[in-house]
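J.: Need a 3D model of the following:
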Amino acid sequence: MSITRRDILKGAAATGAIAATSVLSGCQKTGATNSMADLAHKIKRPNLLIIFPDEMRAQALGFMGEDPSLTPNLNRFAKDSAVLKQAVSNFPLCTPFRGMLMTGQYPYRNGIQGNSHTATPGMFGGKDFGIELKKNQSTWSDILSQQGYSMGYIGKWHLDAPEAPFVPSYNNPMEGRYWNDWTTPDRRHGFDFWYSYGTYDKHLTPMYWTNDTPRDQPLHINQWSPEHEADIAIKYLRNENGNYRNNDKPFTLVVSMNPPHSPYDQVPQKYLDRFKESSRTLNSRPNVQWDKEYLEGYGPEYFKEYMAMVNGVDEQFGRIVDELDALNLAKDTLVVFFSDHGCCMGSNGNPTKNVHYEEAMRIPMMFRWPGKIAPKSDDLLFSAPDIYPTLFGLMGMDDLIPDTVEGTDFSKTVKSESGDIKPTSQFYTFMPYGGQSYGRRGIRNKQYTLMIDRKIGKPLTYVLHDNQVDPYQMKNIAEQQPELISQLIQNELMPWLEHTGDPWRPTEVPKNTANAYT
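T.: You can find the predicted model right below:
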């Protein structure tokens, strides 16, 4: 890992991150910020359009040449974009990624260390450990709002822990936890147009809360959620009757689609009909384990449905971007596409995400801005917390990036300019609820993925993959490479742990201890 002096200073400044962001949030509500917003009106600021589905792996992009997917709109978009082919979700789970996206901090620092939900009696949930986006945490959307932007959010939020009395909903409860709730206006972090929900997975009949719907009266829609959200996004871009945003201000619009997230039967038949083969034929990665018993509704046999959802997301993405272009907004708008994490679909025996494997960690990451960003493909080791500062760098607002942000501004690399110090690895983390000093930590560099697991009362276990020799990560070579593991820990993992304030620490690498390698 390459750490600059500025990184060290930022890490030190972030030690009291929650308190610091609280102070920052308070400062940004002063009259001085109002003056800054007034000044921003006089400066030509770009619009920002972010579209991101849930659980869409990088391998599902058709132009990557891996999955047998149909993504003509994303393929076309990629030809006009800077594509970061090695981007990852460092904690490949819904809420942790969203926390990294919004704060620019890694999970230990921002406190968003698992999914945000509330437990039924006898269980535990994220709420028991304070896992949600705090009201006083400063986010990039707070700053853009204070800079005079019109701010719109459409789709899945999943950053709040539901409160009793719980809203009657498909996901309330599920697996012993409540997932879905209305986000109160004071927790929307600057978004003034709201068309969203917490977590609701009935994609064919979604529900939403708007600016005008009270908590007990959500809208229930009889339309596939990505299609409906594309309809609302198009209305926002058109600003029909001036009801969606202030035409005199630059805008930011986030469209957060839930598919291709499970359940996989929640997809229109027209997308399924475009795939004539079975899941067993389509899901041909050699690491897919067909003989394992998966939870009902999950596993490799649903790959055809997954591909159908990806195709549907692609189609709705295309509708939104085509409308932006038709409105002659392309040259004034930075458009960004990514996903919160991937999905294994049976690869290495894993049904979905929250593991170190490539299918879970690698995500799409594309930036388009005609005249500002030249089309390119880059293997930069880009991480989720880098999104926030890189957006600000591209938009000419790098001076507004708080010191509490742990991600790096890679806008020069995206713009094909020199000057960025390239990272030598990416951090991987998983923290069990309430056990931040336990769980899994690791790194991913251009050749290897290292994962170390600490469980209470048990010795550490090590997994090491050579991703060049074994791209499907089917062989654990940790037992044969103790010296390499030591080097990766010392040169890569330890600097990441220090940078992110993570208390987890490895012990000496065991030698000739077979049960330490899984």
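
J.: C-alpha from now on. contacts and neighbour counts both.
T.: OK.

J.: Look at the closest residue to M494 other than its chain neighbours and say how many residues are nearby.
T.: Excluding its sequence neighbours, the residue lying closest to M494 (C-alpha to C-alpha, 6 or more residues apart in numbering) is R505, at 7.8 Å. For R505, the neighbour count with other C-alpha atoms under 10 Å is 16.

J.: Next: K276.
T.: By other C-alpha under 10 Å, the residues close to K276 number 10.

J.: likewise Q59?
T.: Neighbour count of Q59, defined by other C-alpha under 10 Å: 22.

J.: One more: the one 3 residues further on?
T.: The burial metric for G62, expressed as a neighbour count using other C-alpha under 10 Å, is 19.

J.: Can you tell me the SS state at the residue nearest to M494?
T.: Using DSSP: H, G, I helix; E, B strand; the rest coil, the structure places R505 in coil.

J.: Run through the residues that contact it.
T.: S437, M494, L497 (C-alpha atoms under 8 Å, 6 or more residues apart in numbering).

J.: could you dump the residues you listed to a markdown table with pLDDT, neighbour count and distance to N283?
T.: As requested, the contacts of R505 are exported to a markdown table (pLDDT from 0 to 100; neighbours: other C-alpha atoms under 10 Å; distance: C-alpha to C-alpha, whole Å):
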| residue | pLDDT | neighbour count | distance to N283 |
| --- | --- | --- | --- |
| S437 | 89 | 17 | 37 |
| M494 | 97 | 18 | 37 |
| L497 | 97 | 19 | 36 |
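
J.: So G434 is in contact with G130, correct?
T.: No: look at G434 against G130 with C-alpha atoms under 8 Å: they stay out of range, at 9.6 Å.

J.: Need the contact partners of the longest helix along the chain.
T.: As assigned by DSSP state H, the longest helix anywhere in the chain is helix 303-326. With contacts defined as C-alpha under 8 Å, 6+ apart, helix 303-326 is touched by 51, 53, 56, 60, 68-74, 226-227, 230, 233-234, 237, 257, 259-260, 264-265, 267, 271-272, 274-275, 277-280, 282-283, 330, 345.

J.: go with 7 Å
T.: When contacts are defined by C-alpha atoms under 7 Å, 6 or more residues apart in numbering, helix 303-326 is touched by residues 69-71, 73-74, 226-227, 230, 233-234, 237, 259-260, 264-265, 267, 271-272, 278-279, 282-283, 330, 345.

J.: For PyMOL, what selects the buried ones among those?
T.: A single PyMOL command selects the buried members of those (16 or more other C-alpha atoms under 10 Å):
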select buried, resi 69+70+71+73+74+226+227+230+233+234+237+259+260+264+265+267+271+272+279+282+283+330+345
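
J.: and the contacts of helix 303-326, which of them are in helices?
T.: Counting by DSSP H, the contacts of helix 303-326 place N73, L74, P226, E227, A230, A233, I234, L237, Y271, L272, S279, L282 in helices.

J.: Next one: the last one relative to F367, how far apart?
T.: Here L282 is placed at a distance of 29 Å from F367 (C-alpha to C-alpha, to the nearest Å).

J.: Could I get the contacting residues of the residue nearest the centre of the chain?
T.: Nearest to the geometric centre of the chain sits D340, at 2.6 Å (C-alpha atoms, centre = their mean). Neighbouring residues of D340 by C-alpha under 7 Å, 6+ apart: D54, E55, S89, C94, F97, R98.

J.: Wait, a helix at it?
T.: No: read with three-state DSSP, D340 is coil and lies in no helix.

J.: can you give me the helices in the stretch 101-250 of the chain?
T.: Using DSSP state H, counting those that start in this stretch, the helices of the stretch 101-250 of the chain run over residues 107-110, 140-146, 225-238.

J.: winner for burial among those?
T.: helix 107-110 (a mean of 24; mean count of other C-alpha atoms under 10 Å).

J.: what's in contact with that helix?
T.: Outside helix 107-110, the residues that reach it (C-alpha under 7 Å, 6+ apart) are A17, P96, M100, Q113, T500, G501, D502.

J.: again, but for stretch 425-437
T.: Taking C-alpha under 7 Å, 6+ apart as the rule, stretch 425-437 contacts 1, 90-91, 113-114, 129, 356, 381, 383, 438-445, 492, 496, 503-504.

J.: buried subset of those?
T.: Buried members of the contacts of stretch 425-437, scored by 16+ other C-alpha under 10 Å, are 1, 90-91, 113-114, 129, 356, 381, 383, 438-445, 492, 496, 504.
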